[in-house]
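A.B. asks: Predicted model follows, preceded by the sequence.
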Amino acid sequence: GDSVTQMEGPVTLSEEAFLTINCTYTATGYPSLFWYVQYPGEGLQLLLKATKADDKGSNKGFEATYRKETTSFHLEKGSVQVSDSAVYFCALSATGGFKTIFGAGTRLFVKA
Amino acid sequence: NAGVTQTPKFRVLKTGQSMTLLCAQDMNHEYMYWYRQDPGMGLRLIHYSVGEGTTAKGEVPDGYNVSRLKKQNFLLGLESAAPSQTSVYFCASTPTGGRNSPLHFGNGTRLTVT
């Protein structure tokens, strides 16, 4: 079945450091790919998405590119802030379906 | 602009007790979902609904029941709570079932079963 694998955390960075959180997937067909962010005590909210190969999703300085050849959707940000501390979830929604499959989540801590 | 609202925010139950979690959305979305979130496991789909009056099982439905009597509300019931149901529960909605529609989440209910 479909699945999402993302790097284990926690990831601890200093402010202004470069961030990469790896995400790979397996799916039949052509899924849409998402990154969601969860701040402490809140629900998940959409960070960015990409719906076809080579699409780049971006928002709030975060970017991720849909790589079909490597089945990956890695999240990057050039300069993290303390306010970026949160849990990040990679997810896919498969072709012809509406069920979203989530990765286990990666907790990010950013130190001032 | 409430979006998806879940009540209650916290609850503690004893084993064998029952309870209902309420989810309400004001976005006129057709699809609604209940997920549970456990450490290291991401979110897993419990039940979902593709419209008023419909429900279907997700990945981990055992021990839960749901109802969607009104389009805006989706209820999750635990008839006889067990410690394995200690979790954070999230309700979500989407306007349609298309794969491009992102989920809109509530803020969650933290349930502890002792």
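C.D. replies: Noted; the coordinates are in hand.
A.B. asks: For chain A, what lies in contact range of chain B?
C.D. replies: Proximity of chain A to chain B, by C-beta under 8 Å from any C-beta of the partner chain, involves residues A:4, A:31-32, A:34, A:36, A:41-46, A:49, A:51, A:89, A:93-100, A:102-105. All C-beta atoms are positioned from the backbone trio N, CA, C, and that covers glycine.
A.B. asks: from the middle of its chain, how far away would stretch B:95-113 be?
C.D. replies: Distance of stretch B:95-113 from the chain centroid (C-alpha atoms, centre = their mean, to the nearest Å) equals 8 Å.
A.B. asks: pull the CA atoms of that stretch into PDB?
C.D. replies: Presented in PDB, the C-alpha positions along stretch B:95-113 are these (Å, rounded to 0.1, in the frame of the first residue of the first chain):
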ATOM      1  CA  PRO B  95     -14.500  20.400   0.300                       C
ATOM      2  CA  THR B  96     -14.400  17.500  -2.100                       C
ATOM      3  CA  GLY B  97     -12.700  14.100  -2.400                       C
ATOM      4  CA  GLY B  98     -10.100  15.200  -4.900                       C
ATOM      5  CA  ARG B  99      -6.500  14.400  -4.200                       C
ATOM      6  CA  ASN B 100      -5.500  18.000  -4.500                       C
ATOM      7  CA  SER B 101      -7.700  19.200  -1.600                       C
ATOM      8  CA  PRO B 102      -5.700  19.700   1.600                       C
ATOM      9  CA  LEU B 103      -7.200  18.800   4.900                       C
ATOM     10  CA  HIS B 104      -8.500  21.500   7.300                       C
ATOM     11  CA  PHE B 105      -7.900  20.400  10.900                       C
ATOM     12  CA  GLY B 106      -9.400  21.200  14.200                       C
ATOM     13  CA  ASN B 107      -7.200  21.800  17.300                       C
ATOM     14  CA  GLY B 108      -7.600  18.300  18.600                       C
ATOM     15  CA  THR B 109      -9.000  16.500  21.700                       C
ATOM     16  CA  ARG B 110      -6.500  15.000  24.100                       C
ATOM     17  CA  LEU B 111      -8.100  11.800  25.600                       C
ATOM     18  CA  THR B 112      -6.600   9.800  28.500                       C
ATOM     19  CA  VAL B 113      -8.100   6.500  29.500                       C
END
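A.B. asks: Which positions in that stretch come out as buried?
C.D. replies: Going by neighbour count (16 or more other C-beta atoms under 10 Å in any protein chain shown), the buried part of stretch B:95-113 is B:97, B:99, B:101-109, B:111, B:113.
A.B. asks: Which secondary structure element of chain A has the lowest mean pLDDT?
C.D. replies: Ranking every helix and strand in chain A by mean pLDDT, DSSP states H and E puts strand A:100-102 at the bottom, with a mean of 91.
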